[in-house]
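1. Output the structure for:
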Amino acid sequence: MLLPLLFGLAASAATLLGGLLALRLEGRASLVLGLAAGVVLGVAVFDLIPEAIELGAGVHDVHALFACVGLGIAAYLLLHQLPAGTAPKTVAWQAHLGPASLTLHSFIDGVMIGIAFQVSHDVGWLVAAAVLTHDLADGINTVSLSLARSGPRLARRWLLINGAAPLTGTMVGLLLQVSPADMALLLALFGGVFLYIGACELVPRSHARDPRLRVTLATLAGMGVMYLLVDVAHG
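-> Just a heads-up that it's a prediction; the model follows:
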């Protein structure tokens, strides 16, 4: 059990490092948000959705998996569009949606590490490598979303919670038995959530802060980095 726990600890450290980097670059928030938008979209398109299709092969129809992607988009859209009115409590509650989704994703990453090592060490190493490649981005995205909707205080709080999520998830994953078919549905659902966060939250906010071409290039760079990282992790 020591090896998966060490990977879970490494994933937590990577998340914290990414978040601290985003906090340090707060003065360049538009570029950080643009980069985070590309990373979030890249995670959904190059990692979560393909992984869901691979895990669900022979069990779930592809249309069912993409229905879960659509459900993730619709669910997050409804939550995000709840009438805010002028009540500060409602606005504050909405500010937690994005970081909470990313934290839950980090927790599931950890669960996948724990479950993968139950299957075999070879599978565990592959899954852990895939998780580590984008947990740095998870920290950046958590801070970026928090800064976009609130301020540094909320960002630091969610960064600490997200930092603990991979290790906690790994410990839970070592105790639970989750079928690949069920994990495929969860990954597809989170793929939809991340598509919404990237395309409808981070991209518009980054361009509202700075409409110049460099922000668009940062978004494309984020997607490109995620493509390369996922390709290396699964290569």
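2. Report the central residue of the chain.
-> The centre of the chain sits closest to residue 102, judged by Cα atoms, centre = their mean, with a distance of 4.4 Å.
3. ok, and the closest non-adjacent residue to that residue?
-> Once flanking residues are discounted, residue 102 sits nearest to residue 142: 4.9 Å by Cβ to Cβ, 6 or more residues apart in numbering. For the C-beta atoms, the positions are set from N, CA and C on the backbone; glycine is no exception.
4. The one you found - how many residues pack around it?
-> 32 (other Cβ atoms under 10 Å).
5. from now on call the first residue 27
-> OK, 27 is where the count begins now, so the last one is residue 168.
6. Pretty sure it sits against residue 184.
-> Yes - contact criterion Cβ atoms under 8 Å: residue 168 and residue 184 qualify, at 5.3 Å.
7. Check the contact lists of those two and give me the overlap.
-> Shared contacts of residue 168 and residue 184 (Cβ atoms under 8 Å, 6 or more residues apart in numbering): 125, 129.
8. Quickly find the element holding the residue nearest to residue 128.
-> Using DSSP states H and E, residue 168 sits in helix 147-175.
9. One more: residue 102?
-> Using DSSP H and E, residue 102 maps to helix 88-106.
10. which parts of that helix are buried?
-> In terms of neighbour count (16 or more other Cβ atoms under 10 Å), helix 88-106 has its buried residues at 91-95, 98-99, 102.
11. so which of the residues you listed would you say is closest to residue 178?
-> Distance to residue 178, by Cβ to Cβ, is smallest for residue 102 among these, at 24.3 Å.
12. one step back: specify which member of the buried residues of helix 88-106 is nearest to residue 134.
-> For the buried residues of helix 88-106, the nearest to residue 134 is residue 98 (12.8 Å; Cβ to Cβ).
13. What pLDDT is listed against the closest one?
-> As predicted, residue 98 sits at a pLDDT of 89.
14. so it touches residue 216, yeah?
-> Yes - the pair residue 98 and residue 216 passes the contact test of Cβ under 8 Å, sitting 6.3 Å apart.
15. who touches both of these two?
-> Residues touching both residue 98 and residue 216 by Cβ under 8 Å, 6+ apart: none at all.
16. In this protein, mark out all the helices, start to finish.
-> 28-50, 55-68, 75-81, 88-106, 114-120, 123-145, 147-175, 178-199, 206-222, 229-235, 239-259 (DSSP state H).
17. Single out the most deeply packed of those helices.
-> Using mean count of other Cβ atoms under 10 Å, the stretch among those with the largest mean neighbour count is helix 55-68, at a mean of 27.
18. what comes into contact with that helix?
-> Contacts of helix 55-68 from elsewhere in the structure, counted by Cβ under 8 Å, 6+ apart, are 48, 51-52, 160, 163, 166-167, 170-171, 173-174, 220-221, 223-225, 227-229, 231-233, 235-236, 240-253, 256.
19. Tell me what angle that helix forms with helix 28-50.
-> With axes from the mean of the first three to the mean of the last three Cα atoms, to 10 degrees defining the directions, helix 55-68 sits at 150 degrees from helix 28-50.
20. Give me the mean pLDDT for helix 55-68.
-> For helix 55-68, the mean per-residue pLDDT is 81.
21. Just the pLDDT for residue 242.
-> Looking at residue 242, its pLDDT stands at 93.
22. scratch that, residue 106 is what I was asking about
-> Note on residue 106: pLDDT of 63.
23. residues contacting residue 75?
-> Taking Cβ under 8 Å, 6+ apart as the test, what residue 75 contacts is 91, 95, 213-214, 217.
24. if I look at it, how far off is residue 83?
-> Per Cβ to Cβ, to the nearest Å, residue 75 is found 13 Å from residue 83.
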